[in-house]
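Asks: predicted structure and sequence below. I'll ask about it afterward.
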Amino acid sequence: MLRFLQQPSFKPEQQGPEADARYRALRWQVFLGAFIGYAGFYLVRKNLSMAIPAMAPLGFDKTELGFVLGLNAAAYALSKFLMGSVSDRSNARVFLPLGLILTAISMCFMIVPIQFIGAEHKALAILVMGVLNACVGWFNGMGWPPCGRVMTHWFSPGERGTMMSIWNCAHNVGGALVGPMATYGAVWFGSWFYGSHTELYFLIGTFAFPAAVALFIALLAYVLLRDTPQSCGLPSVEKWRNDYPKNYSEKHEQVLSTREIFFKYVLNNKYLWFIALSNAFVYMVRYGCLDWAPTILTEKGIDLKSAGWAYFAYEFAAIPGTLLCGWLSDRLFKGKRALPTILFMLLVLVFVLLYWRFIDNLTMVIICLIGIGFFIYGPVMLIGVQALDLAPKNAAGTAAGLTGFFGYFLGTFILANSVIGWVAQTAGWSWTFVLLIAACLLSILFMGLTLKAE
């Protein structure tokens with residue numbers, strides 16, 4: 001482990017009213033750092049998707065750029081698992097800003113193959129673009145694990161669902177800002193760099209401007225974040241709130257070896273495998289609906305502007321749905337995650353069926369996409385929380401990384417993007433809805449296998 005990444009040592013424990021007041025203040029400070037820091041990762045996540053329409057006149061086609069996009073998803077999925085293990089043995093205060101800085105630098109360099117290599121040397125340009133976008137995906141995988149680490153160390157199980165649901169909205173906030181930043185960044189700074197070459201203005205707005213903002217956010221996150229309460233001279237959050245999970249042990253506060261993390265607490269935990277498989281099918285539904293909605297709607301004769309509003313409605317509905325799901329899991333279900341996940345996926349199933357039945361009715365389609373968006377993001381969030389609950393705090397990043405790998409690689413890259421695309425092309429959209437319905441049922445089945453344990 002590099003010295004600057006090593007976890008800070010525990011300080012002598014403070015007690016009394018002043019320590020309590022300091023604990024309360026630091027918890028909100030750390031939460032704010034995790035929220036802002038994770039939102040920053042979404043400013044430099046899938047910016048290439050925004051740039052694709054402007055790259056066509058420069059000589060790049062959609063097939064080549066689709067391959068580059070796929071490398072980002074695959075690298076992110078693998079990184080979230082492997083870098084989660086590194087995160088479990090690292091100082092979250094350093095690990096998260098480091099990942100954001102490396103992501104921003106990689107994203108900024110995406111300008112090089114587009115502008116300086118260009119379509120005249122297309123093979124080289126696509127190769128460099130692919131490597132850089134894979135780096136963006138890999139370094140982006142350094143965002144969730146340290147956030148999961150600080151959330152488990154600073155918030156106890158009885159409040160974690162609510163706090164994680166609020167924190168999870170960071171990716172909606174960050175993702176929503178990419179579009180306006182691309183537009184205004186091009187307007188504000190495009191002429192500074194490219195003068196009258198307006199066709200290149202998008203490079204600044206889509207890549208450089210968000211990268212610069214992300215670098216500032218990385219600095220802010222470093223100022224706000226702290227690794228663990230013990231590193232600040234405070235007791236564990238379970239002791240401070242008297243809120244212990246049933247499997248709690250003092251060993252959970254100790255730094256674990258890589259072997260212990262992988263073979264004792266993660267790979268040997270059958271319930272983590274169940275929720276990882278459930279997560280794959282949840283992500284299949286999430287991105288199977290989201291990524292293909294504009295294509296389905298435009299093929300059905302609905303104009304692109306209306307399709308865009310449907311896409312927006314899907315994402316916007318995620319915020320209240322996520323907050324409700326997290327609150328219910330803490331208050332109504334007393335910290336249990338499996339049952340609210342199953343209930344929300346049953347409601348997703350209902351809206352998928354309605355979506356299929358009323359595919360030619362724009363009003364009903366938008367209502368169905370709002371319903372799917374409202375209910376699907378709660379399970380996405382809760383599965384991550386359940387992974388944190390099922391592993392010791394110092395193995396949390398790896399546990400969540402396993403579920404994330406299944407979600408992004410199997411659920412998104414293979415099932416939602418490749419399989420659904422192939423089925424739509426060869427058998428028609430009706431069969432894709434059959435796959436989405438099956439995915440809902442399989443997610444419920446695998447989640448149901450964890451009910452007894454909870």
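Replies: That came through fine.

Asks: next SSE downstream of the helix or strand of the chain with the lowest mean pLDDT?
Replies: Here the helix or strand of the chain ranked lowest by mean pLDDT, DSSP states H and E is helix 304-316, holding a mean of 66. Per DSSP states H and E, the first helix or strand lying C-terminal to helix 304-316 is helix 318-331.

Asks: using CSV, write down the CA coordinates of that next one.
Replies: C-alpha atoms of helix 318-331 as CSV (Å, rounded to 0.1, in the frame of the first residue of the first chain):
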residue,chain,number,x,y,z
ALA,A,318,-35.6,8.6,-9.2
ILE,A,319,-34.9,11.2,-6.5
PRO,A,320,-38.2,11.0,-4.5
GLY,A,321,-38.4,7.2,-5.1
THR,A,322,-35.0,6.6,-3.7
LEU,A,323,-35.6,8.8,-0.6
LEU,A,324,-38.9,7.0,0.1
CYS,A,325,-37.4,3.6,-0.3
GLY,A,326,-34.5,4.4,2.1
TRP,A,327,-36.8,5.9,4.7
LEU,A,328,-39.2,2.9,4.5
SER,A,329,-36.4,0.4,4.9
ASP,A,330,-35.2,2.2,8.2
ARG,A,331,-38.6,3.2,9.7
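
Asks: report the angle between whichever helix or strand comes after that helix and helix 318-331.
Replies: Toward the C-terminal end, the helix or strand that comes next after helix 318-331 (DSSP H and E) is helix 338-357. Put simply, helix 338-357 runs at 150 degrees to helix 318-331, going by axes from the mean of the first three to the mean of the last three CA atoms, to 10 degrees.

Asks: which parts of the following helix or strand past helix 338-357 are buried?
Replies: Remark: after helix 338-357, the chain's next helix or strand is helix 362-390, criterion DSSP H and E. By 16 or more other CB atoms under 10 Å, the buried positions in helix 362-390 come out as 362, 365-390. Where you see a C-beta, it was placed from the backbone N, CA and C, and this is true even at glycine.

Asks: mean confidence for the following helix or strand past helix 362-390?
Replies: Using DSSP H and E, the next helix or strand after helix 362-390 towards the C-terminus is helix 396-405. Mean per-residue pLDDT for helix 396-405: 81.

Asks: who's in contact with the next helix or strand after helix 396-405?
Replies: Following helix 396-405 in sequence order, the next helix or strand is helix 420-427 (DSSP H and E). The contact list for helix 420-427, computed with CB atoms under 8 Å, 6 or more residues apart in numbering, reads 284, 288, 292, 431-432, 435-436.

Asks: any idea how far helix 420-427 is from the middle of the chain?
Replies: Between the centre of helix 420-427 and the centre of its chain there are 26 Å (CA atoms, centre = their mean, to the nearest Å).

Asks: any idea of the mean pLDDT for it?
Replies: In this model, helix 420-427 has an average pLDDT of 84.

Asks: buried set for that helix?
Replies: Within helix 420-427, the residues that count as buried by 16+ other CB under 10 Å are 420-421, 423-424.

Asks: now stretch 176-190: how far from the chain's centre is it?
Replies: Relative to its chain's centre, stretch 176-190 lies at 22 Å (CA atoms, centre = their mean).

Asks: got the buried residues for it?
Replies: For stretch 176-190, by 16+ other CB under 10 Å, it's 176-178, 181-182, 185-186, 189-190.

Asks: of the residues you listed, which pair is most distant in space?
Replies: Farthest pair in the buried residues of stretch 176-190 (CB to CB) is 176 and 190. Separation: 21.9 Å.

Asks: now name the helix or strand holding the nearest residue to residue 446 once chain neighbours are set aside.
Replies: Spatial nearest neighbour of residue 446, excluding adjacent residues (CB to CB, 6 or more residues apart in numbering): residue 278 at 3.8 Å. Element membership of residue 278, judged by DSSP H and E, is helix 270-290.

Asks: that helix vs helix 318-331, what angle?
Replies: On the basis of the same axes, to 10 degrees, helix 270-290 is oriented at 160 degrees to helix 318-331.
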